[in-house]
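*Asks:* Pasted the sequence and its predicted model underneath.
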Amino acid sequence: MTKKRLLKLAYSAWPTARHASAWRLPEAFNNGTVDPVYLADTARAVERGLFDYYFMGNAISSTPDAQGFWHNDVFKLEGFTVASYVAAITRNVGLVVTVNSSYQDPFDTARAIVSLDHLSNGRAGLNIVTGLEGVDAPAQNYGQVKHITGDEKYRKAREFISVINGLSDSWEDGYFLDDRAAGRFIDTSKAHAIDFKGDHFSVRGPLNLPRPPQGQIPIIHAGGSEASFQYGGEFADIRFSPFVSTEWNIEYYRKVKSYLEPFGRDPDSFFIIPGITFFVAGTDVEAHRKFREVQDLVVSQYAPAQVSALVGRDVSGIDGHEKIVDVLDTSDFEKHQWLRTALAAFGDEQVTFRDLFRYIANKGHLNQPPVVGSGKTVANWIAENFEARALDGVKLFPPYARTPLDAFVDLVVPELQRLGIYKTSYEASTLRGHLGIERPANRFTEGASRLAAE
């Protein structure tokens with residue numbers, strides 16, 4: 001009997017949440033970087049909403065002027081520390097930590113993620129990133145001058161995950177004897193050196209920890225290059241993706257899942273989960289009002305040139321208070337998807353060129369448009385895209401801290417449950433269990449069994 005397909009939900013822990021101007025709201029909480037009470041509150045809210053995992057991003061750049069572009073990247077707590085803290089105050093939600101394979105050591109990363117899996121009883125996940133081309137500030141914190149190039153960074157990433165997966169298997173189950181009469185504490189025959197030798201890493205092993213409860217740690221990956229798609233097709237369990245539009249994402253969904261076939265993997269055990277910002281309120285009107293309030297807090301001065309560049313026509317001579325529907329024609333809206341999503345987010349046709357500029361200035365709106373509405377409206381939007389196979393779930397990017405998370409849990413989750421696409425209780429105790437993917441066999445046990453059979 002085929003198991004019913006259910007929506008996956010994740011939460012991304014941002015210090016001051018997602019949007020560049022929302023932190024200026026009177027009700028916004030902006031000390032989330034180092035406040036343990038805030039972290040505890042969000043973790044408990046996420047678990048109350050039965051989310052599959054709590055996601056911790058990473059920032060290894062440390063330039064103070066980054067706040068002018070993206071204030072969330074100025075400060076960022078170390079992910080394994082946060083995950084261990086969240087593990088201690090939750091029981092069910094998965095815990096995904098981000099590491100950069102271009103700079104981190106795979107043996108240390110394996111120790112940390114396997115330790116987390118043991119201490120959380122099998123709830124750890126690993127998001128592997130490789131860094132952005134041309135962004136060199138992180139490299140300079142690791143004794144390097146420039147970030148490594150695309151092909152090279154993915155060769156390194158492949159070695160990185162190969163070492164971690166090998167070390168995770170380096171102790172077979174049944175290692176622990178506790179034979180007090182015979183004086184045998186462990187069975188050393190259950191330990192295996194991995195003897196990995198590559199261009200970037202050389203690791204003998206075994207890991208000085210037992211195999212993680214999940215067997216192998218679930219892997220999350222994101223990226224837009226061919227190398228990224230191939231890497232994800234071979235190693236990842238979840239692809240963190242953009243959401244552009246239903247049509248675009250249906251095609252993206254098909255494309256990404258096609259990369260699983262060469263590796264004999266089941267497309268239904270691989271999940272595409274975009275990060276999306278939701279403005280949720282009791283009614284559509286309230287939600288759109290809050291969205292407009294956030295846009296009005298953009299501090300940048302109106303720059304018609306930026307709007308002109310995106311619209312593809314000169315609007316410098318048009319007063320910023322003019323409504324876009326009075327100036328732009330149908331072909332402009334047909335040509336530019338983001339114009340349509342801007343109107344949808346504001347919720348009416350009173351959108352001016354100044355509003356449009358603020359929409360552009362609020363980082364993330366163009367490439368990942370927000371979804372605005374009541375709990376029912378948002379749930380229906382998610383359900384439509386889920387059923388169209390534009391996505392397998394969503395990762396919540398709250399626009400600010402911390403009430404939007406509660407609004408999603410209290411207003412959207414019950415509607416998703418009413419629609420029959422989301423669970424009403426936790427059905428598993430591990431992250432692999434939440435995803436519905438089995439615990440894999442140990443490669444060393446499997447190899448020995450195969451040899452014995454032969």
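*Replies:* Happy to help now that I have it.

*Asks:* where does this structure have its least confident helix or strand?
*Replies:* helix 67-70 (a mean of 56; mean pLDDT, DSSP states H and E).

*Asks:* List the first helix or strand encountered after that helix toward the C-terminus.
*Replies:* Going down the chain from helix 67-70, the next helix or strand is helix 79-89, by DSSP states H and E.

*Asks:* can you list contacts of whichever helix or strand comes after that following helix?
*Replies:* Using DSSP H and E, the next helix or strand after helix 79-89 towards the C-terminus is strand 94-100. Contact with strand 94-100 is made by 10, 52-58, 60, 79-80, 82-83, 86-87, 109, 112-113, 116, 120, 123-131, 138, 218, 220, 430-431, 434, as judged by C-beta atoms under 8 Å, 6 or more residues apart in numbering. C-beta here means a position set from N, CA and C on the backbone, and glycine is covered the same way.

*Asks:* In helices, which of those residues fall?
*Replies:* Secondary structure from DSSP state H places 79, 80, 82, 83, 86, 87, 109, 112, 113, 116, 431, 434 of the contacts of strand 94-100 in helices.

*Asks:* burial of the residue nearest to the third one when sequence neighbours are not counted, as a residue count?
*Replies:* The shortest distance from residue 82 to any non-neighbouring residue, by C-beta to C-beta, 6 or more residues apart in numbering, is to residue 56 (5.2 Å). Residue crowding around residue 56 was assessed by other C-beta atoms under 10 Å; the count is 25.

*Asks:* in the chain, which residue is closest to the centre?
*Replies:* Most central in the chain under C-alpha atoms, centre = their mean is residue 240, positioned 5.0 Å from the mean C-alpha point.

*Asks:* Surely that one touches residue 271?
*Replies:* No - using C-beta atoms under 8 Å, residue 240 is not in contact with residue 271; the gap is 9.7 Å.

*Asks:* still on that earlier bit, the residue nearest to residue 82 bridge partners, please.
*Replies:* For residue 56, the beta-bridge partners are residue 97 (DSSP bridges).

*Asks:* Isn't it up against residue 13?
*Replies:* Yes - shown here, residue 56 and residue 13 form a contact pair, counting by C-beta under 8 Å, at 5.4 Å.

*Asks:* so what sits against both of the two?
*Replies:* Common neighbours of residue 56 and residue 13 (C-beta under 8 Å, 6+ apart) are residue 82.

*Asks:* how close does the nearest residue to residue 146 once chain neighbours are set aside get to residue 85?
*Replies:* Nearest residue to residue 146, sequence neighbours excluded (C-beta to C-beta, 6+ apart): residue 136, at 4.9 Å. Residue 136 sits 32 Å away from residue 85, going by C-beta to C-beta, to the nearest Å.

*Asks:* rewinding a little: so the residue nearest to residue 146, which of the three states?
*Replies:* coil (DSSP: H, G, I helix; E, B strand; the rest coil).

*Asks:* That one reaches residue 148, doesn't it?
*Replies:* No - contact between residue 136 and residue 148 fails when scored by C-beta under 8 Å: they sit 10.3 Å apart.

*Asks:* what's the neighbour count on the residue nearest to residue 263 when sequence neighbours are not counted?
*Replies:* Sequence neighbours aside, residue 234 is the residue nearest to residue 263 in space, at 5.2 Å (criterion: C-beta to C-beta, 6+ apart). Neighbourhood size, residue 234 [other C-beta under 10 Å]: 16.

*Asks:* avg pLDDT for the helix or strand containing residue 234?
*Replies:* Under the criterion of DSSP H and E, residue 234 resides in helix 226-235. Helix 226-235 shows a mean pLDDT of 96.

*Asks:* And the strands in the stretch 201-350 of the chain?
*Replies:* Using DSSP state E, counting those that start in this stretch, the strands of the stretch 201-350 of the chain run over 202-203, 219-221, 238-241, 271-276, 278-281.

*Asks:* right, so of those, which gets closest to residue 171?
*Replies:* Closest of the strands of the stretch 201-350 of the chain to residue 171 is strand 202-203, at 14.9 Å (criterion: C-beta to C-beta).

*Asks:* Which strands or helices does the closest one pack on?
*Replies:* Counting contacts by 3 or more C-beta pairs under 8 Å, 6 or more residues apart in numbering; DSSP states H and E, strand 202-203 packs against helix 150-168.

*Asks:* how about the helix it packs on: buried residues?
*Replies:* Neighbour-count burial for helix 150-168, with 16 or more other C-beta atoms under 10 Å as criterion, is recorded at 153-154, 156-168.

*Asks:* So which residues make contact with it?
*Replies:* With contact meaning C-beta under 8 Å, 6+ apart, helix 150-168 is reached by 101-102, 104, 106-107, 109-110, 113-114, 126, 128, 130-131, 133, 147-148, 194, 196, 198-201, 203, 205-207, 211-212, 215-217, 219, 225, 227-228, 231, 235, 443.

*Asks:* rerun that using 6 Å as the cut-off
*Replies:* 101-102, 106, 110, 130, 194, 196, 198, 200-201, 203, 205, 207, 212, 216, 227, 231, 235 (C-beta atoms under 6 Å, 6 or more residues apart in numbering).

*Asks:* Tell me how many other residues surround residue 317.
*Replies:* 7.

*Asks:* What distance do you get for it to residue 353?
*Replies:* 11 Å.

*Asks:* for the stretch 1-150 of the chain, which spans come out with low pLDDT?
*Replies:* The stretch 1-150 of the chain contains residues with pLDDT under 70 at 1-2, 61-75, 133-134, 145.

*Asks:* Run through the residues that contact the closest residue to residue 271 other than its chain neighbours.
*Replies:* In space, and not counting its chain neighbours, residue 271 is closest to residue 392: 4.2 Å by C-beta to C-beta, 6+ apart. Contacts for residue 392 (C-beta under 6 Å, 6+ apart) come out as 8, 271, 272.

*Asks:* Let me have the strands of the stretch 201-350 of the chain in JSON lines, adding distance to residue 25 and mean pLDDT as columns.
*Replies:* Formatted as JSON lines, these follow (distance: least, C-beta to C-beta, whole Å; pLDDT from 0 to 100):
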{"stretch": "strand 202-203", "distance to residue 25": "48", "mean pLDDT": "98"}
{"stretch": "strand 219-221", "distance to residue 25": "30", "mean pLDDT": "98"}
{"stretch": "strand 238-241", "distance to residue 25": "27", "mean pLDDT": "96"}
{"stretch": "strand 271-276", "distance to residue 25": "20", "mean pLDDT": "96"}
{"stretch": "strand 278-281", "distance to residue 25": "12", "mean pLDDT": "97"}
